[in-house]
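*Asks:* here is my input, please return the structure:
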Amino acid sequence: MSFAEDQLLPISALQHLLFCERQCALIHLERAWADNLYTAEGNSLHAKAHEGKPETRDGERITRGLPLRSLTLGLTGIADIVLWRPPPGQPLKGRTLAEAIRLAPSLAGWSVTPVEYKRGKPKKNDCDKVQLCAQAICLEEMHNIVIPSGQIFYGKDRRRTEVPLEEAIRATTRDAARRFHQMMELGVTPTARHEKKCDTCSLVEICLPQSMERKSAIAFIHQELSSRRAKDVSQDM
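*Replies:* Residues are numbered from 1 along each chain as shown. Predicted coordinates:
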């Protein structure tokens, strides 16, 4: 399947989807957003990664804030940093990346590595890896190359973690993209379910997961009436 340009959805949503489907729907279907300390730190880290002009270090070209898109995944976004290293015998020699790519017969033999910046530390689930993998698939499609691995820079550890982009994570990425497109087409926000991770979510006051936990209508009515009686008593005192 191939998507049209006007059907492309944000790569960043895959991280939201794998973290919490309801959070993803609130952000991308209902356009709800709120910042907290964690999102502010993440925004600051991304801003720093995008700062500055492209540069060459030790024969490797560094590009920042690079636009991406994949018509097969139906995704678009921005890569924080992409590292481009030409094969031996084909040095950059002061050329811009565009010039080097234009002069090269192909990018075969080049080492191309997307680097995603994240606050915190490596997570137990694959949400960060999937976001990175989607960026790699975009680059592969745009330049007809194969990218075996990428890197994630975690703010807490202050170092890059190498992420092999094997078939398992690629399959998870393709499935996440499919599920996200399906969610947007259906336009249905999943019901809230309170979990430990809700405590760090910036949308917790919008989502209200605890108030949405399963309970009978009678129990809910009794709870509301008791709360109102208690409020009335306190006002009469």
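*Asks:* how does the chain divide into domains?
*Replies:* 5-190, 191-237 (automatic domain parsing).
*Asks:* confidence-wise, which of these is weakest overall?
*Replies:* Lowest mean pLDDT within those: domain 191-237, a mean of 67.
*Asks:* neighbours around Gly109, how many?
*Replies:* Gly109: 14 surrounding residues under other Cβ atoms under 10 Å. Heads up, the C-betas are built off the backbone N, CA and C, glycines and all.
*Asks:* list the contacts of it.
*Replies:* Gly109 makes contacts with 86-87, 90, as judged by Cβ atoms under 8 Å, 6 or more residues apart in numbering.
*Asks:* could you pull out the strands for the chain?
*Replies:* Secondary structure of the chain by DSSP state E: the strands cover 9-10, 55-57, 60-70, 75-85, 111-118, 149-154, 159-164.
*Asks:* reformat those strands as CSV; add distance to Arg179 and mean neighbour count.
*Replies:* As requested, those are arranged in CSV below (distance: least, Cβ to Cβ, whole Å; neighbours: other Cβ atoms under 10 Å):
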stretch, distance to Arg179, mean neighbour count
strand 9-10, 11, 18
strand 55-57, 38, 12
strand 60-70, 16, 17
strand 75-85, 12, 20
strand 111-118, 20, 21
strand 149-154, 22, 20
strand 159-164, 21, 14
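*Asks:* and those strands: which comes nearest Glu99?
*Replies:* Using Cβ to Cβ as the measure, strand 60-70 is the one of these that comes nearest Glu99, at 10.5 Å.
*Asks:* now the closest one and strand 75-85, what's the angle there?
*Replies:* Put simply, strand 60-70 runs at 160 degrees to strand 75-85, going by axes from the mean of the first three to the mean of the last three Cα atoms, to 10 degrees.
*Asks:* about what we covered before: just the domains of the chain: most buried one?
*Replies:* Neighbour counts (mean count of other Cβ atoms under 10 Å) averaged over each of the domains of the chain peak at domain 5-190, with a mean of 16.
*Asks:* wait, Gln15 touches Cys133, no?
*Replies:* No - at 11.0 Å, Gln15 does not count as touching Cys133 under the criterion of Cβ atoms under 8 Å.
*Asks:* sorry, back to before: closest to Arg119 out of the contacts of Gly109?
*Replies:* Pro86 (32.3 Å).
*Asks:* skip the chain neighbours and tell me the closest residue to the closest one.
*Replies:* In space, and not counting its chain neighbours, Pro86 is closest to Trp110: 5.7 Å by Cβ to Cβ, 6 or more residues apart in numbering.
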